[in-house]
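Q: Mind folding the following:
(one chain, ligands or ions: 1)
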Amino acid sequence: MKYRKFGKLGIEGSAFGLGCMRFNGPASGDTIIDEQKAIGLIRRAIDGGVNYIDTAYVYLDRTSETVVGKALRDGYREKVNIATKMPAEYVHNRQEMAALLDEELKKLQTDHIDFYLMHGINREKWEYFKSIGAPQFFDDMKREGKIRYKCFSFHGPYEAFEAIINAWDWDMVQIQYNFMDVDNQAGTKGLELAGRLGIPVVIMEGLLGGQLANAPENVQALYDAFPVKRSPVEWAFRWLCNHPEVATVLSGCNEIEQIDDNLRIFDTVAPNIMAGEELKLIEDVRAAYLSRRKIGCTGCRYCMPCPNGVNIPGIFSAWNKQSLYNLDPRHNWDYGQLVQRGETADRCVACGACEAACPQHLPIIDSLKAAQAALGQG
Ligand SMILES: NC(=O)c1ccc[n+]([C@@H]2O[C@H](COP(=O)([O-])OP(=O)(O)OC[C@H]3O[C@@H](n4cnc5c(N)ncnc54)[C@H](OP(=O)(O)O)[C@@H]3O)[C@@H](O)[C@H]2O)c1
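A: Model (predicted):
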């Protein structure tokens with residue numbers, strides 16, 4: 001296992017951090033976590049050198065922290081940093097924040113959290129956390145020793161990331177980042193900004209939730225043609241760790257084989273080790289993925305609101321993702337959300353208001369029909 005610097009904090013953490021958001025149930029489709037298996041996975045990772053464990057109050061129907069707490073008995077707690085999070089949805093005042101943190105400490109069977117994060121914030125959630133006094137609460141808890149570092153995880157556009165990271169003296173940030181998300185969310189700009197501020201960056205969704213593990217044919221052909229043979233997973237993690245700003249890459253693993261594979265991979269990584277040809281390969285891989293896009297919608301939302309309630313950019317994004325990553329339509333989570341909210345393309349009456357507004361002049365009506373045919377197979 002390689003260990004990496006945590007920016008200004010003066011500590012080192014394992015390059016591979018275990019994410020505890022994706023443990024399965026005993027049988028496929030189960031929502032109840034297979035506790036013994038999950039404990040085995042966590043301990044295997046720690047025995048292999050992982051010293052950063054990421055969980056959250058809300059993961060796995062609020063059972064993740066409990067399982068992590070059980071896994072960290074028998075001397076494992078002392079070997080790791082625990083990261084967990086405060087969800088905006090569950091707290092409305094200081095009293096509730098204090099009660100939630102105490103509940104987390106109890107579930108995790110510890111007297112302190114190492115990295116405590118405001119969970120999944122964007123501009124609105126940051127404003128909300130400020131309005132209920134969360135920054136003061138985090139400062140006080142740090143002083144009392146209940147948390148060591150005050151941090152946030154982020155999902156939103158770069159502009160919001162820049163505003164939030166500059167708004168307070170954060171100790172660490174967690175962002176979604178991988179070679180397909182260089183211009184998405186905080187993106188490369190956000191990573192580099194954090195680096196300039198000396199704030200360590202923890203990465204989530206390094207494999208896009210596993211989507212980058214199974215390369216479609218045109219992408220696999222590029223990997224196969226490269227003189228050095230590495231799996232898509234190894235390329236994705238190697239590329240992330242090539243960035244010196246990255247402190248730890250989280251990955252949620254469900255099988256011992258995945259843990260062992262990642263332990264092996266994260267023993268080979270280091271900042272700035274990828275030569276020109278390797279970086280070019282990743283550029284080519286990104287282009288090969290993007291060539292699978294179905295429609296060049298930029299998500300500008302000029303077409304919205306649709307008078308009939310069709311979520312046009314949402315549908316095109318789900319359609320592109322399904323094609324890019326060769327997703328089984330039954331597992332297209334983004335489309336599932338649109339179905340739940342009743343925003344699908346079958347509501348289109350071809351009024352044409354969207355096409356008149358689209359700055360890209362996209363053939364929206366016909367594309368919605370094609371998208372519905374592809375997405376609706378699930
Ligand atoms: N704070 C937030 O807002 C937030 C949001 C998202 C995630 N997170 C945290 O970040 C962690 C990491 O994100 P993530 O779980 O999405 O990470 P990820 O690495 O992008 O995806 C994990 C998935 O990748 C696959 N995988 C991992 N290692 C593999 C290997 N060696 N070979 C083949 N497949 C492999 C597995 O998919 P299969 O199970 O399909 O095989 C696994 O479930 C989460 O667990 C969570 O702790 C936080």
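Q: Just the closest residue of this protein to the ligand, please.
A: Residue nearest to the ligand within the chain: residue 19 (2.1 Å; CB to the nearest ligand atom). For the C-beta atoms, the positions are set from N, CA and C on the backbone; glycine is no exception.
Q: My guess is that residue contacts residue 52. True?
A: No: the criterion here is CB atoms under 8 Å, and residue 19 misses it with residue 52 at 9.7 Å.
Q: Mind listing the shared neighbours of these two?
A: Common contacts of residue 19 and residue 52 (CB atoms under 8 Å, 6 or more residues apart in numbering): residue 250.
Q: what does the model give the spatially closest residue to the residue of the chain closest to the ligand that is not a sequence neighbour for pLDDT?
A: Of all residues not flanking residue 19 in the chain, residue 252 sits nearest, at 3.7 Å (CB to CB, 6 or more residues apart in numbering). Model confidence at residue 252, given as pLDDT, is 91.
Q: Likewise for residue 190?
A: We note a pLDDT of 98 for residue 190 in this prediction.
Q: And residue 31, by the same measure?
A: Reported pLDDT for residue 31: 57.
Q: sec struct for residue 100, please.
A: Secondary structure, DSSP: H, G, I helix; E, B strand; the rest coil: residue 100 is helix.
Q: Now tell me which helix or strand of the chain has the poorest mean pLDDT.
A: For the chain, the helix or strand with the lowest mean confidence is helix 59-62, at a mean of 89 (criterion: mean pLDDT, DSSP states H and E).
Q: interface residues of this protein facing the ligand?
A: Within the chain, the positions lying close to the ligand (CB under 6 Å from any ligand atom) are 19-22, 54, 119-120, 153, 155, 174, 204-210, 213, 233, 250-254, 258, 261-262.
Q: Okay, and which of the residues you listed map to strands?
A: Among the residues of the chain next to the ligand, the members falling in strands (DSSP state E) are 19, 54, 119-120, 153, 174, 204, 250-252.
Q: which of these lies closest to residue 35?
A: Residue 35 has its nearest neighbour among those in residue 252, at 16.0 Å by CB to CB.
Q: what about the closest one, how many residues close to it?
A: Burial of residue 252 is recorded as 20 neighbouring residues (other CB atoms under 10 Å).
Q: Could you report the distance from it to residue 260?
A: According to CB to CB, to the nearest Å, residue 252 stands 15 Å off from residue 260.
Q: Highest neighbour count among the ones in strands among the residues of the chain next to the ligand?
A: Going by other CB under 10 Å, residue 251 tops those with 30 neighbours.
Q: Now do that residue against residue 96, distance only.
A: Look at residue 251 and residue 96: by CB to CB, they are 32 Å apart.
Q: Residue 227: neighbour count?
A: 6.
Q: Surely it is in a strand?
A: No: under three-state DSSP, residue 227 falls outside any strand and is assigned coil.
Q: Okay, now the unreliable bits of this structure?
A: Residue ranges of the chain with pLDDT under 70: 25-32, 378.
Q: Give me the domain ranges for it.
A: The chain is divided into the following domains under automatic domain parsing: 3-284, 312-375.
Q: Go ahead and confirm residue 216 touches residue 325.
A: Yes: between residue 216 and residue 325 there is a contact at 7.2 Å, judged by CB under 8 Å.
Q: Among those two, which residue is more densely surrounded?
A: A count of neighbours by other CB under 10 Å puts residue 325 above the other of residue 216 and residue 325, at 21 against 15.
Q: and residue 21, how many neighbours does it have?
A: Residues near residue 21, counting by other CB under 10 Å, number 15.
Q: Which residue, other than its chain neighbours, is closest to it?
A: Nearest residue to residue 21, sequence neighbours excluded (CB to CB, 6+ apart): residue 59, at 4.6 Å.
Q: Touching, that neighbour and residue 33? I think so.
A: No: distance between residue 59 and residue 33: 9.4 Å, which falls outside the contact criterion (CB under 8 Å).
Q: Quick one: the strands in the chain, in order.
A: All strands of the chain, identified by DSSP E, fall at 3-5, 12-14, 16-19, 52-54, 81-86, 113-121, 147-154, 172-176, 201-204, 246-252.
Q: Next, format those as CSV and append distance to residue 300.
A: Shown next, in CSV, are those (distance: least, CB to CB, whole Å):
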stretch, distance to residue 300
strand 3-5, 38
strand 12-14, 39
strand 16-19, 32
strand 52-54, 34
strand 81-86, 31
strand 113-121, 24
strand 147-154, 22
strand 172-176, 21
strand 201-204, 26
strand 246-252, 30
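Q: Of these, which is nearest residue 162?
A: So among the strands of the chain, strand 147-154 is nearest, using CB to CB, at 10.7 Å.
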